[in-house]
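Colleague: just coords:
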């Protein structure tokens, strides 16, 4: 089966509208409704409106606003500050200590903000000015901030993990667990890259030497409640204390208690409105992208595009690793142009059926896709984290590009390792939940 030119007009229209400056949400919705209203008017459009409504009805989607709210409460409640203090304690003795803090904090913030752009914006305001005062160039500070934020959505409870889980109809607990090793590998690779660059440029330390064990232990105890957060969520789901959606609500309650009663920096009278505004802004952008991508997926299903793509790929190769390398190229390009959630929602229905037929695991495919899209987010010409960081810090994009390439290279090496070693993705889910399909 082949597609006619009329049938592929919406795909062309999506990119045309997006490059003209229309937000991706309206580009996807406008292209889909144009097809069904003008090019194929035999379809009853109320079915599309029904799809819009049904896209918001998943109970699992409740996890998104709850986890976004918990991240906002952490920032206002001083939990993020305590986590940064711990990061500085264990990495301050390294050459380029503040840059190492930047990477380590992003890894820990995977359990807090869940969003690369949220982490990027927070650290651009919090760490970049301090790095400049300590002698780091603005371009390097912006580059490491954007690069380190790529690990944030990979570590639970990253929003992209939830989005993938909803599309793939996979276990959210297993999806969360699968994110730990890839996220940690990304962070370690960037810390090694920072160490090499810092040594070459003689960037300063924030501490003369590694602090005594007593000091580290004291700081770990001070920061314990923030450090425990992501692991507590996973353990709670594993032992059946709450579902993933309920886990989001538990996370909000946990952060309120710790922020107001333990660290005593959260004042609900003062901070409730800002927290709600942060949550509404973060949730609305994610949900709108999910709805528009679901509606666009209806168009792709209508023209039978997933089946056509499956047959085309299978005619090229039956080797799952060749398929994954082709997928990497496609996703890397898409990640340069589209916001991560939108790219994930468009590509998953198209390529996941092919992956399953070739024997690629659901979680293996998902984590490779998410890591890939995050790398695209810091890559020109339209990487979203690149624009977020440069916009907040005032760093020229030309200077940013000169500093970002070593981090893109190290993340691509991690991506290749994950592509060819699925055990790195499956090991934690299998340890926690058992091998899938085993008795």
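Modeller: Right, received. Where do you want to start? A quick note: this is a predicted structure, and the numbers were derived from the prediction, not measured.
Colleague: For residue 336, give its distance to residue 351.
Modeller: 17 Å (CB to CB, to the nearest Å). No exception for glycine: its C-beta is placed from N, CA and C like everyone else's.
Colleague: Any idea how far stretch 158-167 is from the middle of the chain?
Modeller: 9 Å (CA atoms, centre = their mean, to the nearest Å).
Colleague: Which residue is the nearest non-sequential neighbour of the residue nearest the centre of the chain?
Modeller: Against the mean C-alpha coordinate of the chain, by CA atoms, centre = their mean, the closest residue is residue 153 at 2.5 Å. Spatial nearest neighbour of residue 153, excluding adjacent residues (CB to CB, 6 or more residues apart in numbering): residue 160 at 4.1 Å.
Colleague: Identify the residues contacting the helix or strand containing that neighbour?
Modeller: Residue 160 belongs to helix 159-168 when assigned by DSSP states H and E. For helix 159-168, contacts defined as CB atoms under 8 Å, 6 or more residues apart in numbering pick out 58, 60-61, 63-64, 67-68, 114-115, 153-154, 170-172, 175-176, 179, 244, 286, 290, 340-341, 344-345, 348-349, 352, 362, 366, 369-370, 373-374.
Colleague: which of those count as buried?
Modeller: 61, 63-64, 67-68, 114-115, 153-154, 170-172, 175-176, 179, 244, 286, 290, 340-341, 344-345, 348-349, 352, 362, 366, 369-370, 373-374 (16 or more other CB atoms under 10 Å).
Colleague: surely residue 205 meets residue 88?
Modeller: No: taking contacts as CB atoms under 8 Å, residue 205 lies outside contact range of residue 88: 10.7 Å.
Colleague: can you list residues touching both of the two?
Modeller: Common neighbours of residue 205 and residue 88 are listed as residue 97 (criterion: CB under 8 Å, 6+ apart).
Colleague: quick one: which of the two has more around it?
Modeller: Using other CB atoms under 10 Å, the more surrounded residue of residue 205 and residue 88 is residue 88, with 20 against 17.
Colleague: about what we covered before: list the ones among the buried ones among the contacts of helix 159-168 that fall in helices.
Modeller: Among the buried ones among the contacts of helix 159-168, the members falling in helices (DSSP state H) are 63-64, 67-68, 172, 175-176, 244, 286, 290, 340-341, 344-345, 348-349, 352, 362, 366, 369-370, 373-374.
Colleague: ok, residue 184 - how many residues close by?
Modeller: Per other CB under 10 Å, the neighbour tally for residue 184 reads 17.
Colleague: contacting residues for the residue nearest to it when sequence neighbours are not counted?
Modeller: Once flanking residues are discounted, residue 184 sits nearest to residue 107: 6.8 Å by CB to CB, 6+ apart. Residue 107 is in contact with 148, 151-152, 155, 183-184, 187, counting by CB under 8 Å, 6+ apart.
Colleague: hmm, which of the residues you listed are the buried ones?
Modeller: The neighbour count (16+ other CB under 10 Å) marks 148, 151-152, 155, 183-184, 187 as buried among the contacts of residue 107.
Colleague: ok, those residues vs residue 322, which is closest?
Modeller: Relative to residue 322, the closest of the buried ones among the contacts of residue 107 is residue 183; by CB to CB it sits at 26.2 Å.
Colleague: The closest one contacts residue 149, correct?
Modeller: No: contact criterion CB under 8 Å: residue 183 and residue 149 do not qualify, at 11.7 Å.
Colleague: now the helices for the stretch 301-439 of the chain?
Modeller: For the stretch 301-439 of the chain, helices defined by DSSP state H, counting those that start in this stretch occupy the ranges 305-316, 320-337, 340-357, 362-376, 384-393, 397-420, 423-433.
Colleague: Of those helices, flag the one that's most buried.
Modeller: Highest mean neighbour count among the helices of the stretch 301-439 of the chain (mean count of other CB atoms under 10 Å): helix 362-376, with a mean of 26.
Colleague: Show me what that helix is packed up against.
Modeller: Judged by 3 or more CB pairs under 8 Å, 6 or more residues apart in numbering; DSSP states H and E, the packing partners of helix 362-376 are helix 159-168, helix 172-178, helix 180-201, helix 320-337, helix 340-357, helix 397-420, helix 423-433.
Colleague: Give me the distance from it to the chain's centre.
Modeller: That offset, for helix 362-376, works out to 9 Å (CA atoms, centre = their mean).
Colleague: now stretch 371-382
Modeller: Centroid separation between stretch 371-382 and its chain, computed with CA atoms, centre = their mean, is 11 Å.
Colleague: and if you look at stretch 68-86?
Modeller: For stretch 68-86, the distance to the chain centre is 18 Å (CA atoms, centre = their mean).
Colleague: Next, the distance between the ends of it.
Modeller: With CA to CA, to the nearest Å as the measure, stretch 68-86 spans 23 Å from end to end.
Colleague: buried residues in that stretch?
Modeller: Buried residues in stretch 68-86 (16+ other CB under 10 Å): 68-80, 82-84, 86.
Colleague: Residue 386 reaches residue 146, doesn't it?
Modeller: Yes: using CB under 8 Å, residue 386 is in contact with residue 146, at 5.7 Å.
Colleague: what touches both of these two?
Modeller: Shared contacts of residue 386 and residue 146 (CB under 8 Å, 6+ apart): 377-378, 400, 404.
Colleague: Let me see the ranges of the strands in the stretch 1-150 of the chain.
Modeller: For the stretch 1-150 of the chain, strands defined by DSSP state E, counting those that start in this stretch do not occur.
Colleague: Any regions of it where pLDDT drops low?
Modeller: Within the stretch 1-150 of the chain, the segments meeting pLDDT under 70 span 1, 43-47, 55-61, 109-115, 117-119, 122.
Colleague: what about residue 289, neighbour count?
Modeller: If we define neighbours as other CB under 10 Å, then residue 289 has 23 of them.
Colleague: who's in contact with the spatially closest residue to residue 346 that is not a sequence neighbour?
Modeller: Of all residues not flanking residue 346 in the chain, residue 293 sits nearest, at 5.7 Å (CB to CB, 6+ apart). Residue 293 is in contact with 28, 341-342, 345-346, counting by CB under 8 Å, 6+ apart.
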